[in-house]
Each structure stands twice: as C-alpha cells, then as structure tokens.
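# just coords:
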DNA sequence: AGCAGTATTGTACTGATGGGCAGGGATGGC
DNA sequence: GCCATCCCTGCCCATCAGTACAATACTGCT
C-alpha cells in the first residue's frame, strides 16, 4: 500500500515517516504520475490547486486525505467535496494518521471531532432547515442593524448604505460595530461569508 | 465491546447476529439504561424520538450508528447532526456492519458512498463553495489570478494571501487589480459575492 | 424620575485596500 | 531580435474600514 505525501517543497514532517515507514514525499507533478487505485495520498492544503489535484486522484481510485496547518470547517468541506475521504491537521501524531488511514480505507470519512459539529451543522442547514437559517443569524439584531447587514451583504460600501438609509456614514459604522459584536465576526468580509449561505429574498 | 441494537418490537435481523455474535436486541428504554461509554449502539430510524435517543447516548460516550430501511441524504444528516457516527441501510450485509463498526470506533464517519455526494455537495454550496460555477467566472483568469481570487473568496486579507502564495502584498494587489478589471467588479466584496453565485450585478 | 436600549452623529486614529507609476525577469510566438 | 503576456516588486498616495472616546435624543419600563 503506497503512501504518498504531496507537498510543495521542504515541509518534510518526521511523524509522517513515523506513521508509515514506506512514506514518500512527492511533488504534485509526481503524484499525478504515480498515484493509482488503492494508494493512500496525503495532500497538503497549502499547495496550489490542491482541490483539483484531490479530485483528479480521487477519481482515479486513490484514497485521498487532506492535511492542513490551519484546519477549518470550510476547508474540510472543500476537501470532502473535492473527493477527499479524510481531513486532518498536518502536525497530527503518527497514531492519528494511521487511524485516519484505517478509517478511510474502509469506506469511512475522517474529520477532526472538533470540526464535525460545524461541518454537519452546515450540511444539515443546507438540506434541511436552510430557510430559517438567516433568521437565526439576524434574529439577534435590531431593525436598523438588520437593514445595514442586508445592504452590506449585497456588497455595498458604507457610503452607499448611508445614502440608502439616509443616515451618515458614521452611523452605518456604529451599526456595523454592533453587528460584528453580536454575530462574532471581525469584519464585513466574514459577515458576507456568514450571510452568503442563505438565499436572498 | 457491547453491541446493542435498538428497535421497536420484533424486527430482529439475522445478519445483525451474523456480524456480532454477542449482539443484543433492546428497547429504547433498555438502551437508555444500559448503554455506556464505548458501547456500540445501533438505532433503528423507525422508532419514535430516535434523534433524541441518539443525542443522549452519543453524549454519554457511546458509538451510535443509525440504521434505516429507506436511507436518504436528509436522514443521514439528521443522524449525524444528532451525534451518530454512522448511517447505513438496515439490511446491510454483516461484513458492512463490521466495517462500519471498525470505522466509527476509530473516530471515523461512515455514510454510504452514494449519499456522500449529496450530503457534502449540499453542505459545500451552503457554505459558499460552489465549485463548478466558480470555474465559469474564473475561466478568464490566469493561474496566479485564480489562486488569488480563491483565497480572497475565503475571506483572507491581502497579507494572508501573500503569505500563502509566498509573494509580496504588492503583487497580490496587482493580481487583484487584474481580477477586478476582468470580472468587472470594483472590490473584493463584489468578488466574493460573484464567486458565491449571488445576484449582485 | 431614573435606567436600559436604540438611533444618531462627531473627531480622530490605525490599518487595510486599491491603484498610479515604474521597473525587472521569464516565456513564447512571429 | 522583437513583442506580447505574465509574474513579481518597489514607492507613494487617496480612500475606505473599523474602532476608541465621546455626545444628544427618543422610547419603554420600573
């Protein structure tokens, strides 16, 4: 059972070899050429176009796992969506890697337990209660804050929101500050990503 | 390792015993009383309040799998969302059940492969992914511009994108400028909305 | 009357963002 | 060789975004 670790350059991780004695570090190009059906391929998420590589190798029948230095639920979903069967931290101990390998070779999915809730929560809202999701996110806001949040979610600048609501730019910022605090996001980018999972009415 | 099969009345399935010799058929009440940390519990989805039972037992540390006579992606998500680690057809062959047990006892998730695509596809789109629609919007971009666009679409700042691609912030800006011009958007907010398939214009 | 919450606006500051101007290096077609 | 394109980078500047530290006013509730 070949174990291929696909990384960009020199992030050789000793515990990879501790987990799999026969592990080989390869470049994305080498992975494309060598990986085949049944092989275990570990793809670092910091290489370019990793999702395309995952899809290619998974389609070829390889068992693909994605390793990340900064695991997030979104990236976990991107990995699974691309065809990966496992997603873990790049610095996971050797025992964990062998466990991931065992699970994914038996038709299982492996995602860190701390990400599972978010991943499945998002998935559940997508197929089940997607509609009431936006209410959930916006329910804690006042009428005015909600109006600002919706305008910002359409990509409007503070100045444009101010014109639309006929208030000053300073007031828009005040509302936005309250929105960020209540929703626990740090800026309008994150706000948009949060609200982007709902359908605009 | 105790194997408990929670079912309503008399749907005793022979292959359950074929998979686990020490399997015991129990009622929901018995399961509540007996199941503990590390036990494998198989819950039929045709019993009442099965989701509540799954959550209770999972919270207690049991490995809970849900069995259904009519598996659907929505029910799979309900099961996982309730805390189950596996979801399979009630009439699965014995070898499959042992495989599910193996996977779920190693922190893995087990869902039938034919449901995985729907489950993960829905979740991914819900969180702002949408791979193939993105390709359409990104087709006119160069490789480097596409990498920048995707990173920005995840909410990363110029500084973060620069670190990820190992280039300077100025170069990121240069790529972004080209992206904005090609896609006809004015800033990164509009870009995010464009890549999330929203009706921005 | 006093308090809590909301809405509004001001000044001022820091950091992020977008872009103009000006290059250098690599690649590939003609 | 020339030119186009892409990739990378520097300096500089105008603007935007977010926030700290304020103030004023209205509302509902006790």
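Thanks, I have the structure now. Model, not experiment: these values are computed from the prediction. Numbers count the residues shown, from 1 in each chain, chains lettered A, B, ... in the order given.

# tell me which residues form a beta bridge with residue A:86?
Beta-bridge pairing for residue A:86 (DSSP bridges): residue A:65, residue A:110.

# Okay, helices next: where are they in chain A?
A:14-19, A:28-34, A:50-59, A:73-82, A:94-104, A:113-127, A:133-138, A:143-153, A:158-165, A:169-183, A:188-195 (DSSP state H).

# Could you verify my assumption that residue A:96 touches residue A:90?
No: using CB atoms under 8 Å, residue A:96 is not in contact with residue A:90; the gap is 11.3 Å. (Each C-beta comes from the backbone N, C-alpha and C, glycine too.)

# got the phi/psi numbers for residue A:85?
phi -110, psi -10 (degrees, to the nearest 10).

# do residue A:61 as well
Note on residue A:61: backbone dihedrals following degrees, to the nearest 10 are phi 100, psi 0.

# And for residue A:106?
phi -120, psi 40.

# Tell me which residues touch it, please.
B:99, B:102, B:103, B:108 (CB atoms under 8 Å, 6 or more residues apart in numbering or on different chains).

# how about the nearest residue to residue A:178, chain neighbours excluded?
If the residues on either side of it in the chain are set aside, residue A:178 comes closest to residue A:145, at 5.7 Å by CB to CB, 6 or more residues apart in numbering or on different chains.

# Can you give me the neighbour number for that neighbour?
19 (other CB atoms under 10 Å in any protein chain shown).

# One more: residue A:34?
So residue A:34, with other CB under 10 Å, has 15 neighbours.

# ok, it to DNA strand C distance?
24 Å (CB to the nearest atom of the strand, to the nearest Å).

# Check residue A:177 too.
Taking CB to the nearest atom of the strand, one finds residue A:177 at 9 Å from DNA strand C.

# Distance check, that residue against residue B:195.
Noted for residue A:177: a distance of 27 Å to residue B:195, by CB to CB, to the nearest Å.

# Residue A:96 now?
33 Å.

# Which helix or strand in chain A has the lowest average pLDDT?
helix A:133-138 (a mean of 55; mean pLDDT, DSSP states H and E).

# related to what we said a few turns ago, for the contacts of residue A:106, which one is nearest DNA strand C?
residue B:108 (37.3 Å; CB to the nearest atom of the strand).

# what about that closest one, neighbour count?
24.

# Return the residues in contact with it.
Contacts of residue B:108 by CB under 8 Å, 6+ apart are A:99, A:100, A:103, A:104, A:106, A:108, A:109, A:110, B:85.

# so where's chain A uncertain?
A:1, A:8-15, A:48, A:70, A:114, A:117-140, A:196-201 (pLDDT under 70).

# and if we set it to 50?
In the predicted model of chain A, residues A:127-133, A:198-201 satisfy pLDDT under 50.

# Which positions in it make contact with DNA strand D?
Neighbours of DNA strand D within chain A, by CB under 7 Å from any atom of the strand: A:157-159, A:170, A:173-174, A:176-177, A:180, A:186-189.

# Compare residue A:96 and residue B:195 (neighbour count), which wins?
residue B:195 (23 against 18).

# If I follow the layout properly, the more buried one ends up in contact with residue B:148?
No: contact criterion CB under 8 Å: residue B:195 and residue B:148 do not qualify, at 11.8 Å.

# Just give me how far stretch A:144-154 sits from the chain centre.
Mean-position distance between stretch A:144-154 and its chain equals 25 Å (CA atoms, centre = their mean, to the nearest Å).

# got the buried residues for it?
Using 16 or more other CB atoms under 10 Å in any protein chain shown as the test for burial, stretch A:144-154 gives A:145, A:146, A:147, A:148, A:149, A:150, A:151, A:152, A:153, A:154.

# Save the residues you listed as CSV, and put in distance to DNA strand C too.
Shown next, in CSV, are the buried residues of stretch A:144-154 (distance: CB to the nearest atom of the strand, whole Å):
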residue, distance to DNA strand C
A:145, 5
A:146, 8
A:147, 8
A:148, 8
A:149, 11
A:150, 13
A:151, 12
A:152, 14
A:153, 16
A:154, 16
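
# what's the most distant pair in those?
A:145 and A:154 (15.4 Å; CB to CB).

# Can you say which of the helices of chain A is packed in most?
With neighbours defined as mean count of other CB atoms under 10 Å in any protein chain shown, the helices of chain A peak in mean count at helix A:73-82, which reaches a mean of 24.

# Could you see whether chain B lies near that helix?
Yes: in terms of CB under 8 Å from any CB of the partner chain, part of helix A:73-82 sits within range of chain B, namely A:73, A:74, A:77, A:78, A:80, A:81, A:82.

# related to what we said a few turns ago, residues touching the residue nearest to residue A:178, list them.
Contacts of residue A:145 by CB under 8 Å, 6+ apart are A:175, A:178, A:179, A:182.

# distance of the residue in chain A sticking out farthest from the centre from residue A:172?
Outermost residue of chain A with respect to the C-alpha centroid, by CA atoms, centre = their mean, is residue A:166; its distance is 37.8 Å. Distance from residue A:166 to residue A:172, counting by CB to CB: 11 Å.

# can you check residue A:192 too?
Residue A:192 sits 15 Å away from residue A:172, going by CB to CB.

# At the contact with DNA strand C, which residues of chain A appear?
Applying CB under 7 Å from any atom of the strand, one finds that chain A approaches DNA strand C through A:142-145, A:165, A:167-168, A:170-171, A:174-175, A:178, A:189.

# from the residues you listed, which is closest to residue B:61?
Nearest to residue B:61 among those, counting by CB to CB, is residue A:189 at 38.6 Å.

# Now that closest one: closest residue in space, sequence neighbours ignored.
Residue A:189's closest residue in space is residue B:155 (CB to CB, 6+ apart), at 4.6 Å.

# Before I go, just wanted to say thanks for your time.
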